[in-house]
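Novice: structure for this input, please:
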Amino acid sequence: MKTTKHFLSAFVQGCIVLGMLTGVALMIDLFVYEMPIVTEFFAKEGKPQAYAAISGVIATLCILGGEYIAFTLLCMMRTLDSDPFVEKNVKALRRMGAVALIIALLGAGTLLLHPVPLAVIAAAPVAMCGLFSLVLSRVFAQAVAYKQENDLTV
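Specialist: Predicted coordinates:
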C-alpha cells in the first residue's frame, strides 16, 4: 500500500513538473513562432498593432498563471506526507482559485480582440477549476479549524 501511495505521489509530481516544462516551452513558442503570425493576422484584419501586443500579454499572463498554479500544487504535494490540513494550504488553494478565475477572465477577454467562441469554451473549465479550488479552500479551512480545536482538547 505504501509503495502504491509513493508511486502515485511521484507520478503526480512528475506530471506537474512536465506541465511546468511544457509551460516554459509554450512561452518560447509564443514569442519565437506565434507572435509574428498573430501580428500579421491582426494587420490583415485591419486592426491596430496594439491588439497583437495585448494578445501576447494575455497569453503570457495565462501561461505564467498556469506555472504559478503548478508550482503551488507541487509545494502542496510535499505536505501530504505530514499534515495537509494547515493554514498555508488554505491560503494556497485560495490563491490558486483566484489565479484560475483571472486566467479564465483573460481568456474570455480575448473575445474583445477577435471574437472566437473557442475562447469561452476554453475559459469555462478553467473558471470551474478556480471555483472548485475556492470551495476546497473553505473545506480545508474548516478542517484546519476542527484540527486546531481537537489539538487543544488533547
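
Novice: give me the contacts around stretch 12-22.
Specialist: If you take Cβ atoms under 8 Å, 6 or more residues apart in numbering as the criterion, stretch 12-22 is touched by Gly66, Glu67, Ala70, Phe71, Leu73, Leu74, Met77. For every residue, glycine as well, the C-beta is placed using N, CA and C.

Novice: residue boundaries of the helices in the chain?
Specialist: Counting by DSSP state H, residue ranges of the helices within the chain are 2-29, 35-44, 49-77, 87-109, 117-153.

Novice: dump those helices to a markdown table, plus mean neighbour count and mean pLDDT.
Specialist: Below are the helices of the chain laid out as a markdown table (neighbours: other Cβ atoms under 10 Å; pLDDT from 0 to 100):
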| stretch | mean neighbour count | mean pLDDT |
| --- | --- | --- |
| helix 2-29 | 12 | 91 |
| helix 35-44 | 14 | 94 |
| helix 49-77 | 17 | 95 |
| helix 87-109 | 19 | 95 |
| helix 117-153 | 14 | 90 |
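
Novice: Gln13 versus the most centrally placed residue in the chain, what's the distance?
Specialist: What sits nearest the mean C-alpha location of the chain, by Cα atoms, centre = their mean, is Gly66, with 3.5 Å. As judged by Cβ to Cβ, to the nearest Å, Gly66 and Gln13 stand 16 Å apart.

Novice: hang on, the earlier thing: hang on, isn't the residue nearest to the centre of the chain packed against Ile103?
Specialist: Yes. Between Gly66 and Ile103 a contact is recorded at 7.0 Å, counting by Cβ atoms under 8 Å.
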